[in-house]
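1. Pasting a predicted model and its sequence here:
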Amino acid sequence: MGFAAGYLMAQEAYENYNVMVGAVLPKTWEKDAFESFLDWQWNDYLSKQITQNYLDEIQGYSDGAQASGFTQLGKTIERGVVISSFPGDPTENIEYLLRNELLGSGGDNGFFDYLIKNNRLDVLEKIKEIISNEEDDNIRPTKGLQCSHFSTWGDKTINGDMFNGRNLDWLNGSGISNNKLITFYHPIGQYSHAAIGFAGLIGAIVGISSKGIFVAESDNDSVKVTFDGFAWSMRLRYIMENAANIEEAVSLWESTNNTMGMCHSLASATEAATAEHPAFALETMKGYTAFFSDNDPNEHYIYTDPKTGEKTQMGYPLDNAVYRTNHGYDETIRKNEWEPAVPYGDSWTRYMLFFNTFSYYTSSNITISELQAINITSVLGNKHSIQDIYSSPAPFYDCTNAWMGYNIISSTFHFASNKMFVAFEEGFGQQRICAACGTYVEVDLSPWFGPF
């Protein structure tokens, strides 16, 4: 699979990598220092737990590029895996991870040691200069870019079918969407699966398999962070290609290791009527995962204002639906979040959009079908500047400033009908339209998933 992708898409992958570097490179850094940092993260951490078939695929990508006559690919694919593994705002997380954790206040000078071992003393001197010139000794990631995902089924939907949705709010207008892709993988002896994303990003930002296994991710920065785990985008592909049902998907998750703090979705569309819990929302950090089923009592969280003592219900679990934005409800997860969500904050406002939309359809006796599922997905996409913190749902219904929106992929899935509906951002500058304000293209899954 890697050889074919490299042969066909090497130049596009290389273009996208350079776009990502331009978008996330910390302002004081030089490219060679940044790439040395990415290589260190790959060589000493992320590559260690990725399965051999993906390492072979990455090598195949390189071999395919060479066979096509494209000689500039280098370590583009590996570095892309590292960049996409950072939660939230990659720039701020990279600065934090290097300065506060990996350069080592406790004598752990991992990056320095890596540079010395690889005879990159030139880069080492540049890094020392960067660190000495940094103004803030307490750099830490802020609540970064926002995403969302959901699954719903049963009495909420037509025929009880499962519908899923996912928004990616990340690197708007960077140019990465010039080389957008929907990739269908057909691994020998494993399950075919589709991943929606961009050339050069070989993992799954969101996807679904021929067995109806849906996967998705959203950021939730935690204080417990490691890259000594299974890169999340590759992990989601691993689950799609190996899990036949929700039980196997959960088991595969539990047998592999987390990296950053995030929220994930695992769902099985074929088991909407048969499994006790056909979908889960996962809240994760280093060494810990909390699983939430539909109407989970642990989601019924009451926030107490530390200053006034005022209590506000923040968690609203529902039957036959699971949904997440960028905060958690598990007690351990909340204790370790960088910025725990508060009432009327941005993440909670978007979480309540899910709850209120589902509640509206139920109270209005509207059964969710494809149109309603697309509507739920599109409403949650960021349509204005990510710098704005929304305490009101109004901006999520307004596409007036769609060119500013950070939503670059918005996708909805109806596996029972072999369909997915996908929108990407389009255009540049003030002519740009974020994905959730654009056109959703219907994709027929049956030619790719069978029956053959």
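-> Cool, got the structure.
2. show me where pLDDT drops low in this protein?
-> 26-29, 87-109, 124, 126-145, 386-390, 451-452 (pLDDT under 70).
3. cutoff 80 now
-> 24-30, 33, 86-116, 120-146, 223-226, 385-391, 450-452 (pLDDT under 80).
4. May I have the distance across stretch 192-203, first residue to last?
-> 14 Å (Cα to Cα, to the nearest Å).
5. Can you identify the element that follows the longest helix along the chain toward the C-terminus?
-> The residue-count maximum for a helix in the chain (DSSP state H) belongs to helix 2-24. As assigned by DSSP states H and E, the chain's next helix or strand after helix 2-24 is helix 31-44.
6. For the following helix or strand past that following helix, buried residues please.
-> Using DSSP H and E, the helix or strand that directly follows helix 31-44 along the chain is helix 52-68. Of all the residues in helix 52-68, those buried under the rule 16 or more other Cβ atoms under 10 Å are N53, Y54, E57, I58, G60, Y61, S62, G64, A65, S68. All C-beta atoms are positioned from the backbone trio N, CA, C, and that covers glycine.
7. One more: stretch 151-163?
-> Going by 16+ other Cβ under 10 Å, stretch 151-163 has these buried residues: S151, T152, W153, K156, T157, D161, M162, F163.
8. quick one: what helix or strand has E78 in it?
-> Going by DSSP H and E, E78 is in helix 76-85.
9. Can you name the residues that contact Q190?
-> The contact partners of Q190, taken as Cβ atoms under 8 Å, 6 or more residues apart in numbering, are E241, N242.
10. And for F292?
-> With Cβ under 8 Å, 6+ apart, F292 has these contacts: F280, A281, L282, E283, N298, E299, P317, V322, Y329, D330.
11. what about the helices in this structure?
-> Using DSSP H, helices in the chain cover 2-24, 31-44, 52-68, 76-85, 90-96, 110-117, 121-133, 232-242, 246-254, 331-335, 346-363, 370-380, 446-449.
12. Dump those into a markdown table; add distance to A273 as well.
-> Below are these laid out as a markdown table (distance: least, Cβ to Cβ, whole Å):
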| stretch | distance to A273 |
| --- | --- |
| helix 2-24 | 37 |
| helix 31-44 | 43 |
| helix 52-68 | 33 |
| helix 76-85 | 35 |
| helix 90-96 | 40 |
| helix 110-117 | 50 |
| helix 121-133 | 56 |
| helix 232-242 | 21 |
| helix 246-254 | 13 |
| helix 331-335 | 31 |
| helix 346-363 | 19 |
| helix 370-380 | 17 |
| helix 446-449 | 20 |
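13. can you tell which of those helices is closest to T439?
-> The closest of the helices of the chain to T439 is helix 370-380. By Cβ to Cβ, the value is 10.7 Å.
14. to the chain's geometric centre, what's the distance from that closest one?
-> Averaged C-alpha coordinates place helix 370-380 at 19 Å from its chain's average position (Cα atoms, centre = their mean, to the nearest Å).
15. That helix packs against which elements?
-> Using 3 or more Cβ pairs under 8 Å, 6 or more residues apart in numbering; DSSP states H and E as the contact test, the elements touching helix 370-380 are strand 147-152, strand 163-169, helix 346-363, strand 407-414, strand 419-424.
16. If you count contacts, what does the second one end up packed against?
-> Packing partners of strand 163-169 (3+ Cβ pairs under 8 Å, 6+ apart): strand 147-152, strand 206-209, strand 213-219, strand 262-268, helix 370-380, strand 407-414.
17. Same list, the ones you listed, but as CSV with distance to P393 please.
-> Converted to CSV, the helices and strands packed on strand 163-169 look like this (distance: least, Cβ to Cβ, whole Å):
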stretch, distance to P393
strand 147-152, 13
strand 206-209, 23
strand 213-219, 18
strand 262-268, 20
helix 370-380, 8
strand 407-414, 15
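18. mind saving the C-alpha coords of stretch 337-346 as CSV?
-> What follows is stretch 337-346, C-alpha atoms only, in CSV (Å, rounded to 0.1, in the frame of the first residue of the first chain):
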residue,chain,number,x,y,z
GLU,A,337,-6.5,18.6,32.3
TRP,A,338,-4.5,21.7,31.5
GLU,A,339,-7.6,23.8,31.6
PRO,A,340,-10.6,22.0,33.0
ALA,A,341,-13.8,23.1,31.3
VAL,A,342,-16.1,25.5,33.1
PRO,A,343,-19.8,26.4,32.5
TYR,A,344,-20.3,28.6,29.4
GLY,A,345,-16.7,28.0,28.2
ASP,A,346,-16.1,27.2,24.6
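19. Mind listing what's buried along it?
-> For stretch 337-346, by 16+ other Cβ under 10 Å, it's E337, W338, P340, A341, G345, D346.
20. Hmm, Q146 and the last one touching each other?
-> Yes - the pair formed by D346 and Q146 meets the contact definition of Cβ atoms under 8 Å, at 6.8 Å.
21. and for the two, which residues touch both?
-> If you check D346 and Q146 against Cβ under 8 Å, 6+ apart, the residues they both contact are N326.
22. Who are the contact partners of Y54?
-> I202, M234, R237, Y238.
23. and what of Y329?
-> So Y329 contacts E283, A290, F292, N298, E299, Y301, M314, G315 (Cβ under 8 Å, 6+ apart).
24. change it to 10 Å
-> By Cβ atoms under 10 Å, 6 or more residues apart in numbering, the contact set of Y329 is 263, 281, 283, 290, 292, 296, 298-301, 314-315, 317, 341, 351.
25. Relative to E310, how far out is it?
-> Using Cβ to Cβ, to the nearest Å, Y329 is found at 19 Å from E310.
26. quick one: the closest residue in space to I408 that isn't next to it in sequence from K383, how far?
-> Of all residues not flanking I408 in the chain, E425 sits nearest, at 4.4 Å (Cβ to Cβ, 6 or more residues apart in numbering). Separation of E425 from K383 (Cβ to Cβ): 11 Å.
27. For those two, list the residues in contact with both.
-> With Cβ under 10 Å, 6+ apart, E425 and K383 have common neighbours A402, W403, G405, Y406, N407, I433, C434, A435, A436, C437.
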